[in-house]
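Undergrad: model the structure of this input:
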Amino acid sequence: MELNRPAASGWLTDLENAADRALPDFVAGYFAMTAGEGTTHREGLRDWAASRFVPRVLSGGLIPSTATTVLGTPVDTPVLLGPVAQATAAHPDGEIAVARAAARTGSLLGVSTHAGVPFAGIGSTGAPWWLQVYVMTDRGLTAALVERAVAAGARALILTVDLPTLDTRQAAFEPSRWPDRTLAARGLNLDDLADPADPASRDRRTTAPDVGLDTVGWLASISGLPVVVQGVLHPDDAVAAVGAGAAGVLVSTHGGRALDRSVTARQALPGVVAALDGSGAEVFADSGLRSGADVLTALALGARAVFVGRPQLWGLSAGGDDGVVQVVEGLTTELRRTMAMTGAASATSVPSGVLTSEGRSGSSS
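TA: Okay, here's the model as predicted:
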């Protein structure tokens, strides 16, 4: 189903097309959904792809290392698997299949508040994982969900702050309106805490409209885990989040699903990194990365690692955990080759000079 979705290139396009063939139109439409006219999503793809590199030679057979750490957790690749809703609509095993892929590739996954599988099943795979948190109107319910994730082995929390309201255009794609409701997963790990069939419980599960800086410290205190704030695009917001106790920020437009015509993640990343210089906080990026070259761009601009969302769903839809493995390994292989061609020895210390000066500025026409 086509919906404001410029194609990726090469093998990833093939995977996207295979996913389209495997999915019902309403599920493919939900995965492809963007805010407004899709401007932020299209420009996000364009801006990552606009980066240009300065090749280096005579490196003596450089073999780059893609290994790094994220909030202290060792990973073999900086290509991480972002939290996505409705993964069970892509494959019956949902996040468990994604976790198996993360374990096989030495990656890490984020798990949605609305995951369609038990946290314990994700934890049993041995893959490192972080819980993505939508703070609900009932803070006690949020705390109970977080405690359940901590007990199942979550290593960090991703506090999503960039979707205080839903674009009216997106409402038509919401799982509550799917013709086959059996495919929709809306928070299995919450169901025994707040029955979704009970109108009062549905109100308790609604995303809270009043999330503020105090929420960062509250989540850290009830979980004992580091908190990453997702949806940060302004440098001042990044500084405020870290000042409130965040261990990191995720520069993100929510895959172009938040505010249409916003600055893109690629454009915002350099300013956020500069603002947090010396703070000790880690910076991550997502939204529109579709190649190993895009990943190297993010690392060169100061990101610790990146998350991929839609490509993960394409792989999951087309081939379960094998398909997700293909995504992580494919992007990591491309990253390693681009590193070798630009003289970047390690993913932990990519020099900004691998990019042209225009590429480092984040400007785009």
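Undergrad: tell me the pLDDT at residue 1?
TA: Looking at residue 1, its pLDDT reads 37.
Undergrad: and the one 5 residues further on, by the same measure?
TA: Looking at residue 6, its pLDDT reads 45.
Undergrad: kindly report the same for the one 3 residues further on.
TA: Reported pLDDT at residue 9 in the predicted model: 62.
Undergrad: which ones are touching residue 264?
TA: 40, 43-44, 47, 253, 287-288 (Cβ atoms under 8 Å, 6 or more residues apart in numbering). All C-beta spots, glycine's among them, are computed from the backbone N, C-alpha and C.
Undergrad: can I assume residue 267 is in contact with residue 46?
TA: No - applying Cβ atoms under 8 Å as the test, residue 267 and residue 46 come out as separate, 10.6 Å apart.
Undergrad: of the two, who's got more company?
TA: residue 267 (19 against 15; other Cβ atoms under 10 Å).
Undergrad: which helix or strand contains residue 268?
TA: helix 265-275 (DSSP states H and E).
Undergrad: mind listing what the nearest residue to residue 213 once chain neighbours are set aside touches?
TA: Among residues not flanking residue 213 along the chain, residue 244 sits closest, at 4.1 Å (Cβ to Cβ, 6 or more residues apart in numbering). With contact set as Cβ under 8 Å, 6+ apart, residue 244 has these partners: 213-214, 216-217.
Undergrad: pick the one among the residues you listed closest to residue 177.
TA: Among the contacts of residue 244, residue 216 lies closest to residue 177 (Cβ to Cβ), at 33.3 Å.
Undergrad: can you pull the contacts of residue 292?
TA: Per Cβ under 8 Å, 6+ apart, neighbours of residue 292: 331-338.
Undergrad: and those, which is closest to residue 34?
TA: Taking those together and measuring to residue 34 by Cβ to Cβ, the closest member is residue 331, at 21.7 Å.
Undergrad: report the contact partners of the closest one.
TA: By Cβ under 8 Å, 6+ apart, the neighbours of residue 331 are 77, 79, 289, 291-292, 295, 308, 311.
Undergrad: again with residue 89
TA: By Cβ under 8 Å, 6+ apart, the neighbours of residue 89 are 23, 27, 30, 116, 175, 183-185.
Undergrad: gap between it and residue 177?
TA: Taking Cβ to Cβ, to the nearest Å as the measure, residue 89 falls 13 Å from residue 177.
Undergrad: could you find the closest non-adjacent residue to the most centrally placed residue in the chain?
TA: Most central in the chain under Cα atoms, centre = their mean is residue 82, positioned 3.0 Å from the mean C-alpha point. Counting by Cβ to Cβ, 6+ apart, residue 307 is the residue found nearest to residue 82 once chain neighbours are left out, at 3.4 Å.
Undergrad: check which residues of the helix or strand where that neighbour lies are buried.
TA: If you go by DSSP H and E, residue 307 is part of strand 305-308. By neighbour count on 16 or more other Cβ atoms under 10 Å, the buried set for strand 305-308 is 305-308.
Undergrad: am I right that residue 99 sits in a strand?
TA: No - applying DSSP: H, G, I helix; E, B strand; the rest coil, one finds residue 99 to be helix, outside a strand.
Undergrad: among the contacts of residue 331, the buried ones, what's the ChimeraX command?
TA: This is how ChimeraX selects the buried members of these, with burial counted by 16+ other Cβ under 10 Å:
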select :77,79,289,291,292,295,308,311
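Undergrad: closest to residue 149 among the contacts of residue 331?
TA: residue 308 (21.5 Å).
Undergrad: mind checking pLDDT for residue 186?
TA: Note for residue 186: predicted pLDDT of 72.
Undergrad: mind checking how far the residue of the chain most remote from its centre is from residue 314?
TA: In the chain, counting by Cα atoms, centre = their mean, residue 58 sits farthest out from the average C-alpha position, at 36.2 Å. Distance, residue 58 to residue 314, by Cβ to Cβ: 39 Å.
Undergrad: equivalent analysis for residue 289, please.
TA: Distance of residue 289 to residue 314, given as Cβ to Cβ: 13 Å.
Undergrad: got it, and residue 23?
TA: For residue 23, the distance to residue 314 - Cβ to Cβ - is 9 Å.
Undergrad: just to revisit the earlier point, need the contact list for the residue nearest to residue 82.
TA: Taking Cβ under 8 Å, 6+ apart as the test, what residue 307 contacts is 80-83, 110, 250, 252, 284-286.
Undergrad: in a markdown table: those residues, plus distance to residue 195.
TA: Below are these laid out as a markdown table (distance: Cβ to Cβ, whole Å):
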| residue | distance to residue 195 |
| --- | --- |
| 80 | 33 |
| 81 | 30 |
| 82 | 29 |
| 83 | 24 |
| 110 | 26 |
| 250 | 32 |
| 252 | 32 |
| 284 | 35 |
| 285 | 38 |
| 286 | 33 |
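Undergrad: need the residues you listed in CSV with pLDDT, secondary structure and distance to residue 153, can you?
TA: Formatted as CSV, the contacts of residue 307 follow (pLDDT from 0 to 100; DSSP: H, G, I helix; E, B strand; the rest coil; distance: Cβ to Cβ, whole Å):
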residue, pLDDT, secondary structure, distance to residue 153
80, 98, strand, 16
81, 98, strand, 16
82, 98, coil, 19
83, 97, coil, 16
110, 98, strand, 14
250, 98, strand, 21
252, 98, coil, 24
284, 98, strand, 20
285, 98, strand, 25
286, 98, coil, 23
